Each structure stands twice: as C-alpha cells, then as structure tokens.
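[1] Starting from these lines, generate the structure:
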Amino acid sequence: MPQQRKVLRVFLASPSDVADERDVIEAVISELNYSIARSQGVLLELVRWETHAIPGVAADAQARVNETAPQDYDIFIGLFWTRAGTKTLRADSGSIEEYEIARAKLDRGENVEIMLYFKQSAPPLAIIDAEQFGRLRAFQEKLKQTGVLSAAFDDEHDLAKQARIHLSLQITRMAAESPATREQTPTPVLCKSREVAQPDDEPGLLDLEEVIAAELSEMTAAVERISEATSELGDSISAHADRMNEITDAAAGPPPRNQSRQLISAAASDMISFAAKVEPDIPVYKRAFEKMAGAIVAYTSIVKDLGEPHQAGEALPAITQLQGSLLLGVEGMEALYGTIVSLPRMTADLNKAKRAAGGALERLLSELRGSLQLLKAIEDGLRAAE
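    Next comes the predicted model:
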C-alpha cells in the first residue's frame, strides 16, 4: 500500500532578478523530499506561480495569481536582491503583496511560517534600477519595524545551505504537530533545471554522531587557526604603531621617511601574510559547518522517531559553546577590521595589503555571522524537540 505522507505546502515569492535562486529552492525541496521529509512522513509541495497559477483575466496579473494559486500554504518563502517587483493595484509589487497576504494569515493566528531571504552580493551595474531598489529598501525598513527577522545570503550555494537547514527544522517541527488535513500519496517533486540524486542509504544515528564529532573538530581547528592569526596580526599592528610613536617622539616631529617606509612595509607584509594564512581555512570551515549542521538536523529527526526527543537536546551544550566561541571570534575580527580600514593610505604596498587583509576579514565575518544565525535556528529546533 502506498505510504501516506503529510503534505506541507511551500509558497515561493520573488521578483524576476532571482530566477536562478527560485530554482535553488526547488532543488532543495526535491532533495529534502528524498531524505529528511520522507523519514518524517512529510512531503513538501512547492507552489510557484509558473506551475500553479492558471491563465485568465482579473484586475491585474497578480490578482489572477492570488485567485488561482493555492493559498492554503504552511510555509512562505520570499527571495529578493535588487528589485521589489512589478507594482500591483494593491501593493508596491506582486511579491510584496504575496508577503502581505502571508503576514495577514499569521496575524490572524493561522499556522504559517514566513522565511525571507535577501541576496547581499553586489549586482552588476547594468541591472540596477534606482526606483526598484528604493522600493525594496523601503520594504526592508518596514520589515525591521514590524518584527521580521530575515536572512542574508551571498550566492546560490549559501542560499541552498541556509534553506536546507531552515526547511529541515520546519519539517521536524511541523511533523510533530497535529495530523494534517491534506494527505496524498507522495510523488517526487523533481526540479526542472537541476538533477537531484536519490540517496541509496541514509546515514543512521551512529553515523551522524561520528559526522557531527568529526566536522565539529575540523571546524574548531579552523576557527582556532584563524583566531590565532587574527590575534597575531592585531599584536603586530599595535607593535608597529608603538614603534612609529617612539620614532616620532624621538625626532620631535615627523619621523624620517626611510624609517616610516620600513615600518609601513613591515605592517604590509604582516597583513599579506595574515591573508595567506586564513584564506585556505575559510572553505575548510564552510564545508565542515555545512556538514555538521545538516547532520545535527538529521540526528534530531531520528531521535524523535525513536521516541527519545530529549536526546536531541544533548547537543545543546556543544551548540552553545560553539556560539560563544564564534561570538568572541567575530568581536576580535570586527575590531581588527576597524583598525585595518582606518590605516592611512601611505604607500601602494600598504593599500594592497589592506585590501587583502580586509577582504579576508570581510569573508570571514560574513561566514561566521551566517553560522551564528543558523546555529540559533538549530538551537531553537533542538529546544523545541526536547
């Protein structure tokens, strides 16, 4: 007899400048339907206007989408980058109107989860529309004023990572709630533009424990190396600044140019060395974090199936400790970044070194801040599972 699975509808809204990212969400949902969703007896059904809206006539095109695309969804996902979208008769854009419909559902007490993602990478100048960008920024400001926490992503890979974890947590939480009114025999939701492989063997509890331990160890080692390099560079810059002050005091005026150049050259060399040390560890950390986070979500799902949800909470101390370490790392890197960008543009070598060290720190900070956001989502999911 075919397995009956609880259907969770995911409504996807976005303007036209994130078409590729829409396909990313579809690919993630297809992947989850073959893995954690299946193990939880859940089927994610993606609702897109391209596949669910029926051609016809209404007050405007968005009104037709509202009338014909399913509105009884459980999760609303909104994607944005540089555009708000096409204005409608009722809102600043179709995507914003779809968000406002979802928010109204939530305000009425309906069980709807809203997840908004904003791409933060710099767009090509050719696609920037000042009017669109202004409306998008106004929308973001309104979100901040109405208690909405959104997520930022750098590229398609980063979006997939975050969406995979967030949706996995939603699956685990919603699967434990009262039975759904919508049930159907599962038919895999295949992505049109991206192939999704169906795993032959899903990892078990012991496998996942080993993955979590191994990736946590690798990630911790990478963070320790990065933190050590950050501390060394901070000390080095301070030492060079102290030496410059000593020379200035001794000269009772501007320091000799040759001595200034020597100190500036040494500081530039230290910054170049810092960038060379930490750059290789950024992808190491990123891969380890993704594997660990995915394993924790899958682990939580399994222990709930075993009827021992409290066991999922045993990972909380490690998560809390990791958050503390990352917060300290972020604070140190932010301080160092501020010091580097404030250095005067004295020589070409120094300017080049500032760009190298500052760029490495920007990438590190982006990764660590994203990790902290995801860890908070994982922590909330673990506490809910206890």
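[2] For the rest of this, base every contact and every neighbour count on C-alpha atoms.
    Will do.
[3] Tell me if I114 really is in a strand.
    Yes: per DSSP: H, G, I helix; E, B strand; the rest coil, I114 lies within a strand segment.
[4] State the helix or strand in which the nearest residue to A58 once chain neighbours are set aside lies.
    Leaving out its chain neighbours, the residue that sits closest to A58 by Cα to Cα, 6 or more residues apart in numbering is R64, at 5.3 Å. Using DSSP states H and E, R64 maps to helix 61-68.
[5] Mind checking the pLDDT average for that helix?
    Mean pLDDT, computed over helix 61-68, is 90.
[6] What segments of the stretch 101-250 of the chain are strands?
    Using DSSP state E, counting those that start in this stretch, the strands of the stretch 101-250 of the chain run over 113-119, 151-153, 183-184.
[7] Centre of the chain to the longest one, how far?
    Read that as strand 113-119. 10 Å (Cα atoms, centre = their mean, to the nearest Å).
[8] just checking, what packs against that strand?
    strand 75-80, helix 94-107, strand 151-153 (3 or more Cα pairs under 8 Å, 6 or more residues apart in numbering; DSSP states H and E).
[9] between that strand and strand 75-80, how many degrees?
    Orientation of strand 113-119 against strand 75-80 (axes from the mean of the first three to the mean of the last three Cα atoms, to 10 degrees) gives an angle of 20 degrees.
[10] Please list the residues outside strand 113-119 that contact it.
    74-81, 102-103, 106, 149-155 (Cα atoms under 8 Å, 6 or more residues apart in numbering).
[11] out of those residues, which are buried?
    Among the contacts of strand 113-119, those buried by neighbour count (16 or more other Cα atoms under 10 Å) are 74-81, 102-103, 151-153.
[12] quick check: domain ranges of this structure?
    5-184, 205-385 (automatic domain parsing).
[13] do you know how far the residue nearest the centre of the chain is from N351?
    Centre of the chain computed as the mean C-alpha position; nearest residue by Cα atoms, centre = their mean is Q162, 4.4 Å away. From Q162 across to N351, the span is 35 Å (Cα to Cα, to the nearest Å).
[14] ok so, going back, got a markdown table for the strands of the stretch 101-250 of the chain, with distance to D23 and mean pLDDT too?
    Listed next are the strands of the stretch 101-250 of the chain as a markdown table, based on distance: least, Cα to Cα, whole Å; pLDDT from 0 to 100:
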| stretch | distance to D23 | mean pLDDT |
| --- | --- | --- |
| strand 113-119 | 14 | 94 |
| strand 151-153 | 15 | 90 |
| strand 183-184 | 24 | 49 |
